[in-house]
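Novice: Okay, sequence plus prediction incoming.
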Amino acid sequence: MPALAVKNLHVAYGSIAALHGISLDVQKGETVALIGANGAGKSTTLRAISGLLPVSSGDVLWEGRSIANLAPDRIVAAGIAHCPEERHVWPHMTVAENIALGAYLCRSKEEVQRRTGMAFHRFPRLRERAHQLAGTLSGGEQQMLAIARALMSEPRLLMLDEPSLGLSPKMAEEVFEVVRSINVHGVTVLLVEQNIHNALSVANRAYVVETGRIVASRLSGELRNDPELLRAYLGG
Ligand code: ATP
């Protein structure tokens, strides 16, 4: 049984259909990438999985149970964290306060402290800046903060939307190193990424999304070695 199974997912923004039957699987422990052009429906897929958009039809099975149209906080509680494209760190709150927000479902103060300690262990640069306002961080640091905050719910599936967007190549590489390390520590990852090279270097497999449909599903190695295929689907 896959950890996550998306089955024939249809999602619309009002009367405008955005997803026309997306189906994909993610096995426990995998890193899977969704790639495709702007507007293909990658972010919409993540938003529907995390309950931020209603599912019109089809299903989302997480660890064998349907989570379609559950409230977002219930989906977080079930073990799925979503790090959205816009990052949404709270600029006028400190780094430490932003991190603590990620554990909003956790009632125990000691547990929040334990998880915060782990976050600072994983992201030493955030520890150094714990009392700094998040708005003063660099783009890369804000991305790290968004990931650290998402990990505070101790997810078994982490969904990342364009984590390298707007970052320098060096900073993007650091972010992907963090993603690899999170995955090695047992978290399954579903990643949306415009940067095909980075996506294929971190993911085991990739789905190509085009106008609300999956048009190809390949091992990353196959896609990397098949420029024709990449060109066909992604235009170069
Ligand atoms: P991008 O990288 O540009 O975000 P994407 O593959 O993630 O691309 P989506 O953002 O999922 O694509 O968009 C899928 C479709 O849904 C597009 O046609 C887009 O115009 C539309 N769409 C996205 N967000 C909204 C919205 N808030 N309201 C209306 N339509 C939207």
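Specialist: Cool, the structure landed. Treat the numbers as computed from the prediction; the structure is a model and nothing was measured.
Novice: near the ligand, which residues of this structure show up?
Specialist: 13, 16, 18, 36, 38-44 (CB under 6 Å from any ligand atom). Using the backbone N, CA and C atoms, a C-beta is placed for each residue, glycine as well.
Novice: So Ile80 versus Pro72, what's the distance?
Specialist: 9 Å (CB to CB, to the nearest Å).
Novice: who touches both of those two?
Specialist: Ser50 (CB atoms under 8 Å, 6 or more residues apart in numbering).
Novice: which one of those two has more residues nearby?
Specialist: Taking other CB atoms under 10 Å, Ile80 and Pro72 do not tie; Ile80 has more neighbours (29 against 14).
Novice: ok, now which ones touch the nearest residue to that one once chain neighbours are set aside?
Specialist: What sits nearest to Ile80 in space, not counting adjacent residues and going by CB to CB, 6 or more residues apart in numbering, is Leu157, at 4.6 Å. By CB under 8 Å, 6+ apart, the contact set of Leu157 is 3-4, 26, 62, 79-81, 187-190.
Novice: all strands of the chain, in order?
Specialist: 4-13, 16-26, 31-35, 57-62, 65-66, 80-83, 157-161, 188-192, 205-210, 213-219 (DSSP state E).
Novice: looking at those, which is closest to Asn98?
Specialist: strand 80-83 (12.5 Å; CB to CB).
Novice: same question for that closest one, mean pLDDT?
Specialist: When pLDDT is averaged along strand 80-83, the result is 96.
Novice: any residues touching it, and which ones?
Specialist: By CB under 8 Å, 6+ apart, strand 80-83 touches 46-47, 49-50, 52, 62, 67, 102, 146-147, 149-151, 153, 155-161, 163.
Novice: Make a ChimeraX selection of whichever of these turn out to be buried.
Specialist: A single ChimeraX command is used to select the members of the contacts of strand 80-83 judged buried by 16 or more other CB atoms under 10 Å:
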select :46,47,49,50,62,67,102,146,147,149,150,151,153,155,156,157,158,159,160,161,163
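Novice: List the ones among the contacts of strand 80-83 that fall in helices.
Specialist: 46-47, 49, 146-147, 149-151 (DSSP state H).
Novice: List only buried entries from the contacts of Leu157.
Specialist: 3-4, 26, 62, 79-81, 187-190.
Novice: Dump those to a markdown table, plus distance to Thr211.
Specialist: Output for those, formatted as a markdown table (distance: CB to CB, whole Å):
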| residue | distance to Thr211 |
| --- | --- |
| Ala3 | 27 |
| Leu4 | 22 |
| Val26 | 22 |
| Trp62 | 26 |
| Gly79 | 31 |
| Ile80 | 26 |
| Ala81 | 28 |
| Val187 | 30 |
| Thr188 | 27 |
| Val189 | 25 |
| Leu190 | 20 |
